[in-house]
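Asks: here you go, sequence then predicted model.
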Amino acid sequence: MDLKPYYAPLLKWWWMILAASLIAAAASFIITLGQPAMYQSRTTLIIGQSLTNPNPNTSQFFLEQQLASIYADMATREPVRKAVMESLNLTWIPPYTARALPDTQLIEITVTDSDPVRAQAVASEIAKQLIKRGPSGMQDNDLERQSFIEQQLTTLEKNISDTTAEIEKLKIELGSLNSASLITETQQKINALENKLSSLQENYGRLLSSSSRGALNTLSVIEPAEIPSRPIGPNRLITVLTSALIGFALAAASAYIIEWIDQAIHSSEEVDRIIQKPQLGEIPRFPKDVETLSYVNEEPFSPITDSFRSLRTNLEFLGLGNTIKTLLISSPGDSEGKTTIAINLALSLAKAKKRVIIIDADFYKSELDEKFELKNKKGLGDLLLDGKIGKECLIPLFKNQVFLLPSGTTPPNPSEQLGSQEMLRTLEMLKEIADVIIIDGPPFIISDSLVLSARVDGVLAVISLGKSRRDVLKKIKDQLNRANANILGYIINGVSPKSASYYSHYYYAGVKKESSNGKTMESKEVKGNSVKNP
């Protein structure tokens, strides 16, 4: 499985992704430089007496956990916040959290502030305010009642202890007695003391449940707040790395969105994945203010002309001129250079001693008719409508280097005429007098080209970087496959000029020679006919 299409946008837009990551990292670093150091103080409270109860039960644990959640929620309410600010004479309170630790009776209060002393004071005061709002923070009359209960509990504890000791003493004496009457009397005393002990213990239990010793709904601090000595932030390294990662993710997502929106083809790799045919040529961008249709004649030593020679060689390797006599040249869209490439390829083939005929099959927007002023000439359309007209329609160009069959009269039904038997007879007739027939067809988006693709020996696609679209090319590839067209390959048109210094060395070496008298004489070959006078 080829994974390159999936990460290709990242490779293409690597500079944008890198820039976004660096900008995000630099911005976060600058921002953190101006941030003060932050300190954190923590205090922990516990609900109930489960830790000191030797025999806690499940219901007790569950109730205390529920109370812990309630108190934690109370700590974040406005009454507690106002009480803390009034107690500490503050006009605002630093951010804090209060949470019940999962599956425990513990409440953790955490205060974060730039002032460590204030953080510790606020944490301690929040704990105090919570305690005040529970049974532990009762009023004076409640305190007196609890004090009385504590005194009674102390008395009961002493009585229970004394009664238990007396029972043990009588049990020891009981073992040494021999008189039946004494034994009976001692046993009665033990029974009476045991009844008394049971009553004392029952009273003790009732009082204990009313006191703070056995209460479940009590708050106490088990971890007091301390003044923090080390700041917890800002963590500059983590912040910078996180910002860089966010910048990377956003830029990467933008790259994929741009690629999804922008359907233009920008590299030959994209064409390879769609057409799955070889690249047969790469034509550099033509200079400005030059006649492109006769460029191979005008500049025989140019790197652009050399690229047409390479294209010619690659096509000859595929059988052009032998097994492949008819070649359709077209492009996915309009104005992508197919006509320019067709004419210059024909001239390059002519220089290799090939007899070449160019057929202008674009009835809708013929660039050749406009360039060579052939609007009133008979041509392909007339041949298809009236088979009597034949070879006399051919027009010699560039001193008879190539011959052109213009588009002529536009048929009322071009697609049907191009797919007719008359079109096949026309091609067979032209094969008798030419080695290669190049058909300059309309863009592939026109059905005429699809019809022609089934009538020729090979199809050559012209791809213009930045103009041809991926979605259109995919549809065209499927349509050509359904038409059983022989797609030979594709040409990349309009690339940046390659190795200018290298080519210029050979260019000037080939066209300029110095004579013995020091004068420079031109050895450049004679140019062809003017475009407008074939």
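Replies: Structure's in. What do you need?

Asks: go ahead and confirm Ser294 touches Thr340.
Replies: No. Ser294 is beyond contact range of Thr340, at 10.0 Å (criterion: CB atoms under 8 Å). Placement of C-beta: from N, CA and C, glycine included.

Asks: who's more crowded, those two?
Replies: Ser294 (23 against 20; other CB atoms under 10 Å).

Asks: next, that one: phi, psi?
Replies: Ser294 has phi and psi values of phi -120, psi 30 when expressed as degrees, to the nearest 10.

Asks: any idea how far Phe398 is from it?
Replies: 6 Å (CB to CB, to the nearest Å).

Asks: for Phe372, same thing?
Replies: 11 Å.

Asks: pLDDT weak spots in the stretch 351-500 of the chain?
Replies: Scanning the stretch 351-500 of the chain with the threshold set as pLDDT under 70 gives 375, 387-390, 497-500.

Asks: doesn't Leu197 lie inside a helix?
Replies: Yes. Using DSSP: H, G, I helix; E, B strand; the rest coil, the assignment for Leu197 is a helix.

Asks: ok, it - how many residues close by?
Replies: Neighbour number of Leu197 under other CB under 10 Å is 17.

Asks: now it: closest residue in space that isn't a chain neighbour?
Replies: Thr163 (4.6 Å; CB to CB, 6 or more residues apart in numbering).

Asks: residues of stretch 259-268 that come out buried?
Replies: Buried residues in stretch 259-268, defined by neighbour count with 16 or more other CB atoms under 10 Å: 259, 265.

Asks: give me the contact list for it.
Replies: Among residues not part of stretch 259-268, those counted as contacts by CB atoms under 8 Å, 6 or more residues apart in numbering are 8-9, 12, 271, 279, 282, 463, 465-473, 492.

Asks: I'd like the mean pLDDT over it, please.
Replies: Stretch 259-268 shows a mean pLDDT of 77.

Asks: start and end of it, how far apart?
Replies: 15 Å (CA to CA, to the nearest Å).

Asks: centroid-nearest residue for the protein?
Replies: Ala253 (3.2 Å; CA atoms, centre = their mean).

Asks: which helix or strand contains that one?
Replies: Ala253 is part of helix 236-261 when elements are defined by DSSP states H and E.

Asks: tell me the buried residues in that helix?
Replies: Here helix 236-261 shows 239-240, 243-244, 247-248, 251-252, 255, 259 as buried, counting by 16+ other CB under 10 Å.

Asks: what is the nearest of those to Leu153?
Replies: Thr239 (57.2 Å; CB to CB).

Asks: distance of that closest one from Ile30?
Replies: 11 Å.

Asks: helices of the stretch 401-534 of the chain, start to end?
Replies: Secondary structure of the stretch 401-534 of the chain, counting by DSSP state H, counting those that start in this stretch: helices at 414-418, 421-431, 447-453, 470-482, 500-511.

Asks: show me what the lengthiest helix in the chain is packed against.
Replies: Looking across the chain with DSSP state H, the single longest helix is helix 140-174. Applying 3 or more CB pairs under 8 Å, 6 or more residues apart in numbering; DSSP states H and E, one finds that helix 140-174 makes contact with helix 180-210.
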